[in-house]
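Chemist: After the sequence you'll find the predicted model.
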Amino acid sequence: MENFSYSRPATLKEATAQLGKEHGKIAIMAGGTDIYGGEMKDNLLAPERLVHIKHLKELQGIRQGTGSLRIGASTLLSDIVESPVVQKQAPLLAMAAGKIGTLQIRNMGTLGGNLCQRPRCWYYRNNYPCYKHGGNACFSAIGENDQHAILLGGPSFIVHPSDSAPALVALGASARIVSGTGERTVPLDKFFVTPRENVRRENVLLPNEILAEIDVPNAPAGSKAIYVKEMVREVWDFALCSVAAMVTLKDGVVQDARIVLGGVAPVPYRAVKAEAALKGKTLDEASATAAGLAAVDGARPLSKNAYKIPLTQAVVKRALLSLA
Amino acid sequence: MGQQANRSGGSLKVLGKRLPNLDAVERVTGRAKYVGDIDIPGMLVGRALRSAQTHARIVSIDTSKAEALPGVKAVVTYKDAPKVALWGHRGYVLNDRVRFRGEAVAGVAAVDAETAEKALKLIAIQYEVLPFVIDPEEAMKATASKLFEDGNQEGQARILTRGDVAKGFTESDKVIERMYHCPTMWSGSLEPRCAIAQWDGDRLTLWASTQAPGRNQDNLCALFNLPDANVRVIASYVGSGFGTKSANHMDEGLTALLARKARRPVKLQYSREEEILDSNTRFETKFYAKVGVKKDMSLHSLDVRCITNLGAYHTRLGGLGNHCTHVYRIPNVRTEQYRVHTNIPNTGPTRGVGDPQECFGLESLIDEIATEMGWEPLEFRLKNIKRTGDPIARGGAGTEDGRLVTQVLDKCLEEGAARIQWSRRNATPGAGQTGPKMRGIGVAATERGGGGGQGGTTIKVFKDGSVVLFFASTDIGTGTRTTLPMIAAETMGVPVSSVRAVSGDTELAPYEGGSFGNRTLQGTGRAVEAASRECLRQILAAAGPMLNNAAPADLEMQDGVIRVKGQPDRNVALSAVMVRRGNIVATSITNQPQTGMDVERTSGAHFAEVEVDRETGKVQVLKYIAAHDLGRPMNLTIVENQLEGGTIQGLALTQGEEMRFDPRTGACLNANFLDLKPPTALDFDPRMLEAIVVENESILGPYGAKGLGENPTHPGMAAIANAIFNAAGIRLREVPFTRADILKALSEQQTTPGRTA
């Protein structure tokens, strides 16, 4: 790891004032489990300055909004998992956050950090000169790609590693982003960007911006939701594939469905075809199976990740059936 | 467990009981000083520069800028390294050539870690890049890039023959051929390598995390051309070894080189990534096997061609163990073994050495031929296994010139089968199950030598009756710092609490190679028993005059009290005898006992019940039975710890721990705990695992004990593969068993109409 200067601003305003015009030179740290414990220790990133924002009161806590919860980006993941209001108003988020890493990581890591973490691609993490590092290749395309994208891949085939992101996209959450000159609010499904939109980054944050808060609308009345995550290990693992599923049923018939996949695309992937396949149908084995098939419609596997197609189909089907 | 009796007929007081590790509190409270915890005044920090080339020749290496950096006290390169090969190794401490990505090419000693790391970046190396090869079969081709002048194959093919396999196959009623593949796998050591070197003139002391202080001493003497008496190696606490620390390694020589050049003590501790890339890995094997059987259910002919990927430098191991020749009665056997160098990290002994890989191949093959013939696989095994009294090879040759004794593999199979309720398994694999979750049961058998070899100890009885055992082998989590004192306490008749072990110090104890290969309990244990008897003899002789000149033969000691047999009132405390006697020291160096024709092995059988999820490819182990022969158990708590730990380590290889190499660069891509996927505590629920100690007694070991450390690691891969087959009707011939493999096999099964399981 290279030497760097460290700053601990007293306010969000002070923090944004310290940010620069270029990604990587001045880096933001909250829990530090990825940027410090991963990227800097593995020499993927050598920022001149690290701006610590975890302690900022403005970025912490879970507050009631109007028909929503407002969760500060520096709120600990374990606080979200254990929060009675999150469990009541957005149980899908509590479930998904509970699947992140390990208890130790959830005690360190923050919601904002989980949304903004960098990809886990082996080539990226081994510092290959890939698109993400400013190069012009994705080494997974003809390399070890069993963990890579089957949907929306190319030119980079990373998968988005976050567990909270699919849940928040399913809930229709939005991000409040603050810079030195103002703030903007971005719906979370517009927050994440595909490699075709920006191959270097995974989200819309500019170098001078801080993700400050997530606004999470209350789950619709009568809705039921579940987060299912398939891993190699039982814990301390990223998703081979995951699904955040939320359905609103009336007399067993699906009024509305949100199905968002993790671990299979460079962004949390909203499976709109699966959602459409369910609408107006009785939630049963047949409709759940059809939704599973629709969820991976258009999937284009690489040489070693075709297994993610049947796996995702099964996970979507089971997640839905558990809500029937 | 039967009546615990020693060979003279009396009952045992200490051995066979449950006793927590004597140093458990020190270890769990952090008081135990591992090498990384030791600080020496003036000590420098050592670091190694690791190559980002996979195969290259060093054209030039310029260290001047690094040496000029304030705080740098020494920089060494291949030019400083003695031209003496490491143990079981083709290379030197540092080489003028890089043969795997991550190989050390230079070392730095500096006043702190930051300076040392800065200095590494100032070393300029010019390489001539060479083509690399990572697949062992590719490396055998004449056109392959050569790692060494004489080619990539290590020595000649090892061929072992019994009978005539070709004739055997023509005589067989059914012959099948299969290939089983175990990739290069992580070796599992939690404590990264660490060494501290301190020179005093031409005397060297090395603290190291090692299983084999004796071998380290040998190699350091050779490297620096020093007399044995000038080199002391100390390994007090070792945070696991699993074979990777069972010989000298380049880091110990590098640390000593740096310390000599800097004229100050140096500590060099590996990072996790260094530990994964540059300790030793478990070697890859490609196991091509052909087996023939007769209709009467007898195994008739077995022909195996095994290709082992040794990685860059390893020379000594990498062959098959003895599963092919020792587990079953087979009249015709031929094994042909090729050991090949490639540009992947160096391999070496890893718990079980080649036995887990061989067991996976053979025990899968046995299951496959049984299935082909419609035989019940347990019955097939019981009909063909070697039993006590059967002929067996004494040496490494194929000829069966010996006689197998104390073999209880039949009991391991029968007791394990009863415990898992073998009759519950699917009569037709994969059939008759509804729903996506399919359950099945599988079995695998194993065997190995029970340990032994030369052992040595010195025992000191102090004037208050307290006892210290000195031995140069180490406790790598195997509990020898508890079991060996128990043997001394049992033999002498003193409380265990009065005996302390000082392990792993070459200067205080008789020479010993180290702790590996199931050997410490039998090898060192026999020496402890013998030296304890000598101490007891001297104690009783000294006590006689204090008990009205009673003859020593009429005396006995129990709980530190010497008394006249049959007259417990006539007694004297050990401390009273020792105050008069001063102190007693006895040393024993014992060799492997001569057994003539008799060959003793140790065996085991594992049974797995799994659930395979047809839709997600997930495999869950529901129940696992590990039934083992270990002679007489010395301490049941330690025995169970070894059985459970070894079994989980074997099962881990079915889930992950494969080292993955990028085909285009030869780099290992997953050298970290997240991506290697070693199991967490939640992956194999300990409640599903049950260890069975099969009653037996060794003719070789102290108090009838056999060594155990390696065996539980062997059968896991095969037992799980066989259980998956019984559950789902799919045959997996490559570990680990990934979602991709399982879902692919299941989809192929669906698209192959008429395929019978």
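Modeler: That came through fine.

Chemist: Tally up the residues packed near A:Asn198, please.
Modeler: Neighbours of A:Asn198 under the rule other C-beta atoms under 10 Å in any protein chain shown: 13. The C-beta positions use only the backbone N, C-alpha and C, and glycine is treated the same way.

Chemist: ditto for B:Ser11
Modeler: 9.

Chemist: Would you mind measuring from it to A:Asp146?
Modeler: Distance, B:Ser11 to A:Asp146, by C-beta to C-beta, to the nearest Å: 58 Å.

Chemist: before we move on, what about B:Gly416?
Modeler: In terms of C-beta to C-beta, B:Gly416 sits 35 Å off from A:Asp146.

Chemist: quick one, which of these two is more surrounded?
Modeler: B:Gly416 (25 against 19).

Chemist: buried stuff in the host helix or strand of that one?
Modeler: Assigned by DSSP states H and E, B:Gly416 falls within helix B:409-420. With burial defined by 16 or more other C-beta atoms under 10 Å in any protein chain shown, the residues of helix B:409-420 counted as buried are B:409-417, B:420.

Chemist: closest to B:Leu630 among those?
Modeler: B:Cys412 (10.5 Å; C-beta to C-beta).

Chemist: Got the confidence number for the closest one?
Modeler: As predicted, B:Cys412 sits at a pLDDT of 98.

Chemist: Hmm, B:Thr602 and it touching each other?
Modeler: No - using C-beta atoms under 8 Å, B:Cys412 makes no contact with B:Thr602, being 9.9 Å away.

Chemist: who touches both of the two?
Modeler: Counting by C-beta atoms under 8 Å, 6 or more residues apart in numbering or on different chains, the shared contacts of B:Cys412 and B:Thr602 are B:628-629.

Chemist: host element of the closest residue to chain A within the stretch 151-300 of chain B?
Modeler: Among all residues of the stretch 151-300 of chain B, B:Glu273 sits closest to chain A, at 8.7 Å; criterion: C-beta to the nearest C-beta. In this structure, B:Glu273 sits in helix B:272-277 according to DSSP H and E.

Chemist: pLDDT averaged over that helix - what is it?
Modeler: Helix B:272-277 comes out at a mean pLDDT of 96.

Chemist: That one - contacts with which helices or strands?
Modeler: Applying 3 or more C-beta pairs under 8 Å, 6 or more residues apart in numbering or on different chains; DSSP states H and E, one finds that helix B:272-277 contacts strand B:44-50.

Chemist: Quick check: beta-bridge partners of B:Arg232?
Modeler: Counting by DSSP bridges, B:Arg232 is bridged to B:Thr205.

Chemist: Kindly state the pLDDT recorded for it?
Modeler: pLDDT, read off for B:Arg232, is 98.

Chemist: residues making contact with stretch B:375-393?
Modeler: Stretch B:375-393 has contacts (C-beta under 8 Å, 6+ apart) with B:162, B:297-299, B:325-330, B:366-367, B:370-371, B:373, B:399-410, B:413-414, B:417, B:422, B:443, B:445, B:599, B:601, B:722.

Chemist: one more time with 6 Å
Modeler: B:297, B:299, B:328-329, B:367, B:370, B:400, B:402, B:404-405, B:407, B:409-410, B:413, B:417, B:422, B:443, B:445, B:599 (C-beta atoms under 6 Å, 6 or more residues apart in numbering or on different chains).

Chemist: Report the buried residues of stretch B:176-191.
Modeler: Those would be B:176, B:178, B:180-189, B:191, for stretch B:176-191 by 16+ other C-beta under 10 Å.

Chemist: Just the C-alphas of stretch A:255-270, formatted as CSV.
Modeler: This file holds the C-alpha atoms of stretch A:255-270, laid out as CSV (Å, rounded to 0.1, in the frame of the first residue of the first chain):
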residue,chain,number,x,y,z
GLN,A,255,-51.3,-7.4,-9.0
ASP,A,256,-47.8,-6.2,-9.2
ALA,A,257,-44.4,-7.9,-9.2
ARG,A,258,-40.8,-6.7,-8.8
ILE,A,259,-38.0,-9.1,-9.7
VAL,A,260,-34.5,-7.9,-9.5
LEU,A,261,-31.5,-10.2,-10.0
GLY,A,262,-28.0,-9.9,-8.5
GLY,A,263,-24.8,-11.6,-9.5
VAL,A,264,-25.8,-12.1,-13.1
ALA,A,265,-25.3,-8.7,-14.8
PRO,A,266,-23.1,-5.7,-14.4
VAL,A,267,-26.0,-3.9,-12.7
PRO,A,268,-28.8,-5.0,-10.5
TYR,A,269,-31.0,-6.5,-13.3
ARG,A,270,-34.6,-5.8,-13.2
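
Chemist: buried sites along stretch B:399-411?
Modeler: Under the neighbour-count criterion of 16+ other C-beta under 10 Å, stretch B:399-411 has B:400, B:402-411 buried.

Chemist: For chain B, what lies in contact range of chain A?
Modeler: B:615-616, B:660, B:662, B:669, B:677, B:680, B:682-683, B:739-740, B:743 (C-beta under 6 Å from any C-beta of the partner chain).

Chemist: Now list the buried members of the residues you listed.
Modeler: B:615-616, B:660, B:662, B:669, B:677, B:683, B:739-740, B:743.
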